[in-house]
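Chemist: fold the following.
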Amino acid sequence: MTRASLDKQPHEVASMFDGVAANYDLTNDVLSLGQDRRWRKEVAKAVGARPAEKVLDLAAGTGTSSLPFTRTGAYVVPCDFSLGMLREGKKRHPWLPLTAGDATKLPFRDGVFDAVTISFGLRNVQDTDGALRELHRVTRPGGRVVICEFSHPTWAPFRTVYEEYLMRALPPVARAVSSNPDAYVYLAESIQSWPEQAELARLLQKAGWSKVAWRNLSGGVVALHRATKPQ
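Modeler: Prediction:
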């Protein structure tokens with residue numbers, strides 16, 4: 001299995017990410033033209049982790065996304081269901097408490113985290129509603145969620161150019177820099193099929209989150225959603 005299909009069978013998605021773990025961070029940097037570093041800085045600001053807070057970083061991959069939270073003095077749990085990603089992360093960051101876990105069946109008790117976040121991983125979960133409910137379950141009352149995910153540009157001409165890049169330019173670039181370019185064809189397709197910004201906000205509300213808001217980054221290429229668990 002070299003790539004997952006859009007029905008997002010968990011074993012297919014995990015296997016696909018296992019296969020790209022070694023070069024995943026570098027490949028993302030190249031394919032996003034360096035924008036992923038800016039996006040992750042915005043995530044760190046939105047989460048606003050503080051010393052001694054407990055933060056769940058879901059779909060953390062190799063743990064690179066967790067590092068900004070650790071620098072604040074928060075206790076961060078990077079969690080991912082790709083064992084290949086976690087093994088690579090353990091080589092790079094042996095001190096991180098990397099944890100294997102399925103987004104729809106998280107291995108944590110109720111209300112344990114002050115903040116939960118997931119970047120560029122929610123669209124790869126088979127049951128989006130189930131994942132949002134699980135994030136809600138493991139967050140304390142008054143706690144917060146931050147979701148950073150590829151979305152849809154709001155300006156029509158730019159949207160057309162962006163979609164052309166996804167389906168025409170991205171695969172050749174991926175072939176040059178990735179160990180599994182077919183995986184990035186799936187990732188492009190999954191971006192195109194992902195809900196619009198307002199629809200994801202509605203799913204958050206449906207899962208029990210309140211004060212739902214979002215803002216677009218890079219013209220809507222990425223959307224940053226925030227919400228709070230009611231007291």
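
Chemist: so the residue located most distally from the centre of the chain is in which element?
Modeler: Within the chain, P157 marks the point farthest from the mean C-alpha position, 26.5 Å out by Cα atoms, centre = their mean. For P157, the element it lies in under DSSP states H and E is helix 156-164.

Chemist: so which residues of this protein form helices?
Modeler: 10-20, 24-31, 35-47, 67-70, 83-92, 128-137, 156-164, 170-177, 181-192, 197-206 (DSSP state H).

Chemist: which of the ones you listed has the lowest mean pLDDT?
Modeler: Comparing mean pLDDT over the helices of the chain, the weakest stretch is helix 24-31, at a mean of 61.

Chemist: who wins for proximity to V221 among the helices of the chain?
Modeler: helix 156-164 (6.3 Å; Cβ to Cβ). Bear in mind the C-beta positions are built from the backbone N, C-alpha and C, glycine included.

Chemist: can you show me the CA trace of the closest one as CSV?
Modeler: Extracted in CSV, the C-alpha atoms of helix 156-164 (Å, rounded to 0.1, in the frame of the first residue of the first chain):
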residue,chain,number,x,y,z
ALA,A,156,-11.9,32.7,-6.7
PRO,A,157,-9.0,33.5,-9.1
PHE,A,158,-6.4,32.5,-6.4
ARG,A,159,-8.5,29.4,-5.6
THR,A,160,-8.3,28.2,-9.2
VAL,A,161,-4.5,28.7,-9.3
TYR,A,162,-4.1,26.9,-6.0
GLU,A,163,-6.1,23.9,-7.1
GLU,A,164,-4.1,23.7,-10.3
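
Chemist: list the buried residues in it.
Modeler: Residues Y162 are the ones in helix 156-164 that count as buried (16 or more other Cβ atoms under 10 Å).

Chemist: run through who's touching that helix.
Modeler: H152, P153, Q192, G219, G220, V221 (Cβ atoms under 8 Å, 6 or more residues apart in numbering).

Chemist: one step back: can I get the helices of the chain in CSV with distance to K229?
Modeler: Converted to CSV, those look like this (distance: least, Cβ to Cβ, whole Å):
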stretch, distance to K229
helix 10-20, 26
helix 24-31, 30
helix 35-47, 14
helix 67-70, 18
helix 83-92, 27
helix 128-137, 6
helix 156-164, 33
helix 170-177, 36
helix 181-192, 27
helix 197-206, 11
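
Chemist: of those, which is nearest T104?
Modeler: Smallest distance to T104 across the helices of the chain (Cβ to Cβ): 4.1 Å, for helix 128-137.

Chemist: show me what the closest one is packed against.
Modeler: Here helix 128-137 touches strand 54-58, strand 113-119, helix 197-206, going by 3 or more Cβ pairs under 8 Å, 6 or more residues apart in numbering; DSSP states H and E.

Chemist: just the closest of the contacts of helix 156-164 to M167, please.
Modeler: Taking the contacts of helix 156-164 together and measuring to M167 by Cβ to Cβ, the closest member is Q192, at 7.6 Å.

Chemist: ok, L203 to V125 distance?
Modeler: Using Cβ to Cβ, to the nearest Å, one gets 12 Å for the distance from L203 to V125.

Chemist: neighbour-wise, which of the two wins?
Modeler: The residue with the greater number of neighbours, taking L203 and V125 and applying other Cβ atoms under 10 Å, is V125; the counts read 22 against 18.
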